[in-house]
Structures are given as structure tokens and as C-alpha cells.
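Student: Only the shape, not the letters, is given here:
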């Protein structure tokens with residue numbers, strides 16, 4: 001039976017619009033992506049500014065898009081002073097409200113993410129099983145180098161498409177990892193202070209990742225909620241699909257491979273403040289995740305360019321030992337965080353009361369705190 005789908009992209013600005021037209025849409029036009037919706041009731045909706053809409057409408061690739069799928073452009077206003085994520089979430093709220101009126105599943109796309117051929121046909125296949133959400137994870141690459149090599153090797157001028165398999169996409173991406181991606185590898189001693197993804201190397205053939213935050217590629221809401229506090233991957237999916245059994249997590253890039261593209265300098269100076277230890281990750285997760293996010297973290301996601309060797313099982317088991325420690329701290333957070341607070345209170349009181357004479361005692365207490373943090 002055919003389903004209703006609204007495919008949503010929010011895009012504005014010259015850089016994103018250019019990437020959207022040169023790379024993103026051509027990859028979506030590949031044989032087993034957008035054509036997979038030909039027997040469905042699908043609408044492709046682009047939320048953009050009036051100025052960028054003219055660029056999009058005048059492009060050759062937009063004509064191809066409209067030949068394959070019903071397409072709409074919705075004009076938006078982008079205030080200079082408003083945060084980018086706030087604008088994005090406002091557009092998503094408008095899209096959700098419209099989708100609910102026709103009981104349509106939402107496909108959340110972005111103007112800086114490329115999908116391997118076959119990704120969208122896999123989405124349609126999973127939707128037919130009754131799942132209400134499809135969660136995916138990829139990693140970020142340096143746009144300049146990656147796009148140049150991608151277009152040189154995989155762009156087909158004859159039909160204006162980019163047809164690249166999952167393993168080809170991963171292989172190309174591994175050579176162009178963004179500094180943000182590199183800052184999230186567990187085995188580097190220090191890790192980014194926003195560790196929503198944590199990566200492990202598996203030889204030279206790929207990345208095993210554990211992620212709290214996954215991208216909701218598809219949401220067919222069981223709860224008709226429109227308003228949410230943060231983003232679609234922050235809390236909307238949680239309200240829309242409260243039953244975790246309704247969620248499908250893509251754990252193998254052979255099924256769906258997605259890669260995000262950003263300028264090398266987009267995120268400024270990448271910090272690596274956190275020690276890569278379970279307690280530190282648990283402290284971050286206590287304030288930055290919900291129950292679903294913590295269940296996502298249990299799943300090993302394999303992004304690979306070759307066949308899976310026994311080494312993958314070894315790395316997966318190693319990563320799960322780390323996961324169990326993080327989740328242990330989160331499960332007993334009230335006791336553990338209260339204990340930490342007590343130690344810090346005693347530490348500071350000792351220094352205040354005894355001054356230099358209490359330094360030795362204070363240092364001893366600091367060692368206790370440090371030992372407790374590492375579990």
C-alpha cells in the first residue's frame with residue numbers, strides 16, 4: 001500500500017544552496033534514491049528564502065527533481081540576529097504541522113549531507129514494516145577536498161547524477177575526515193567537550209561509532225505533536241515516537257550511508273577538553289540526553305568500506321565495555337553525583353579553614369575525587 005511522505009529540506013545562503021544543487025540533489029537523483037518513491041504519494045518540500053529560491057528554480061537539477069517527484073518551494077524569512085538552529089527548528093515545526101494534516105511520514109534531509117545510492121529505497125522498505133522512525137548516523141568530512149574528489153570520480157554529466165555505493169562513499173570519506181570528526185575518537189586520550197558521538201578506528205577499513213544523538217531520517221509520528229523545545233534530533237523524535245520499539249536504528253552503512261560536508265573552518269577551533277573516561281562522558285550525558293538517547297548509545301554502528309572482519313567484533317566488544325561504564329554512572333547518577341559534590345565541599349572547606357596548612361589534606365582529598373571520577 002502506498003504511503004504519504006513529505007521530504008523536507010531547509011536551505012538558505014549561497015554556500016549551502018550551491019552544495020545542495022551541485023552535490024546533494026544529484027546524489028538523491030541516483031537510481032535507487034528518489035525514484036524509490038515513484039509508487040508512493042510523496043512531495044519534496046524545500047524551505048528557502050525568495051532569493052535562493054530563484055537560484056534553485058533556475059538550475060538544471062531542479063527541473064530533473066520536479067520530473068521525478070512532486071516538488072514545492074516554501075519561502076522563509078531568515079532574521080540576521082536569530083540562531084541558525086532556531087530558524088531550522090521553526091521550519092521543521094511548519095513542516096510537521098502540514099504533514100500531520102495528511103498523515104504523512106516526514107523525511108528530514110539536510111543541504112549538506114550526501115546519501116549513497118539505495119539509501120532511500122531502504123527507507124521505503126523499513127517504513128513498510130510499520131516502523132515509525134529511522135535513525136541514522138554518519139560522520140563529517142572536509143567539504144573542499146571531499147567534493148572535489150567526489151565530483152571527479154562519480155559525477156555523471158550525461159544525466160546530472162552522482163551514483164555512489166555505500167562502500168565507495170565510506171572509502172572516499174575516510175580520507176577527508178573533518179577536524180570535528182577527528183576530535184571524537186576515543187583512543188586519543190582527550191575528546192571533544194560535546195561527545196554526542198564517540199568513534200573507534202577499525203584498522204583502515206572504517207569506523208565503529210556509538211552515538212547518543214542520531215539523525216531522525218524518517219518520522220511517522222504516533223503522537224501528533226508539533227511544538228518541541230530544541231531540534232528534531234534533540235527532543236521532537238522523543239515526543240513523536242515515545243515507544244522505543246517503533247524506532248529502527250541503522251547499524252550498518254551497507255544499508256544507508258550518509259556523510260555530512262562542512263568547510264574545514266566552520267566550527268572554529270575544535271576543543272578536546274574532556275578526558276576520554278566514562279565518568280566524564282556520563283557527566284555530559286546527564287544534562288544533554290534523554291532516555292531514548294541513552295538507548296541509542298547501546299548500539300554499535302558500523303561504517304565500513306570493506307567486508308566486516310573479526311576485528312570488528314573485537315572493537316565492538318571493547319567499545320561496549322566502555323558503554324557499560326558510562327551507563328552505570330548514569331543509572332546510579334544520584335548517588336555518584338551526590339558523592340562527588342560532598343567530596344568537593346569537604347575539599348573547599350578544608351582549604352578555606354586551614355589555608356596553607358590544609359593544602360596537604362586538600363590534595364589528598366583531591367586524589368580521592370579523581371579516583372572516584374574514574375570509577
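Tutor: Perfect, I can see it now. It should be emphasised that the depicted structure is a prediction, and the values quoted were computed from it without experimental measurement.

Student: which stretches of the stretch 101-250 of the chain form helices?
Tutor: Counting by DSSP state H, counting those that start in this stretch, one finds helices in the stretch 101-250 of the chain at the ranges 119-127, 143-154, 166-174, 179-182, 237-240.

Student: what's the least confident stretch among these?
Tutor: Of all the helices of the stretch 101-250 of the chain, the segment with the smallest mean pLDDT is helix 179-182, scoring a mean of 92.

Student: coming back round to it: dump the helices of the stretch 101-250 of the chain to JSON lines, plus mean neighbour count.
Tutor: From N, CA and C alone the C-beta is placed, and that goes for glycine too. Rendered in JSON lines, the data for those read as follows (neighbours: other Cβ atoms under 10 Å):
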{"stretch": "helix 119-127", "mean neighbour count": "21"}
{"stretch": "helix 143-154", "mean neighbour count": "16"}
{"stretch": "helix 166-174", "mean neighbour count": "22"}
{"stretch": "helix 179-182", "mean neighbour count": "19"}
{"stretch": "helix 237-240", "mean neighbour count": "22"}
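
Student: How about residue 40, nearest residue that isn't a chain neighbour?
Tutor: When the adjacent residues along the chain are set aside, residue 40 lies closest to residue 2, with 5.1 Å between them (Cβ to Cβ, 6 or more residues apart in numbering).

Student: Is it correct that the one you found is in contact with residue 39?
Tutor: Yes: taking Cβ atoms under 8 Å as the contact criterion, residue 2 and residue 39 are neighbours in contact, 6.1 Å apart.

Student: Tell me the spatial nearest neighbour of residue 240, not counting adjacent residues.
Tutor: That would be residue 221: by Cβ to Cβ, 6+ apart, it lies 3.7 Å from residue 240.

Student: Give me the neighbour count for that neighbour.
Tutor: Residue 221 is surrounded by 23 other residues when neighbours are defined as other Cβ atoms under 10 Å.

Student: Contacts only, for it.
Tutor: When the contact criterion is Cβ atoms under 8 Å, 6 or more residues apart in numbering, the partners of residue 221 are 96, 100, 106, 132, 240, 241.

Student: Check the gap between it and residue 294 for me.
Tutor: For residue 221, the distance to residue 294 under the criterion Cβ to Cβ, to the nearest Å works out to 21 Å.

Student: for residue 41, same thing?
Tutor: According to Cβ to Cβ, residue 41 stands 36 Å off from residue 294.

Student: got it, and residue 304?
Tutor: In this structure, residue 304 lies at 25 Å from residue 294, with Cβ to Cβ as the measure.

Student: Looking at those two, which one has more neighbours?
Tutor: residue 304 (23 against 17).

Student: who are the neighbours in contact with that one?
Tutor: Under the criterion of Cβ under 8 Å, 6+ apart, the neighbours of residue 304 are 167, 170, 202, 205, 206, 207, 252, 253, 254, 312.

Student: Was I right to think residue 160 contacts residue 64?
Tutor: Yes: at 6.0 Å, residue 160 and residue 64 qualify as touching, with contact defined as Cβ under 8 Å.

Student: shared neighbours of the two, anything?
Tutor: Common neighbours of residue 160 and residue 64 (criterion: Cβ under 8 Å, 6+ apart): residue 29.
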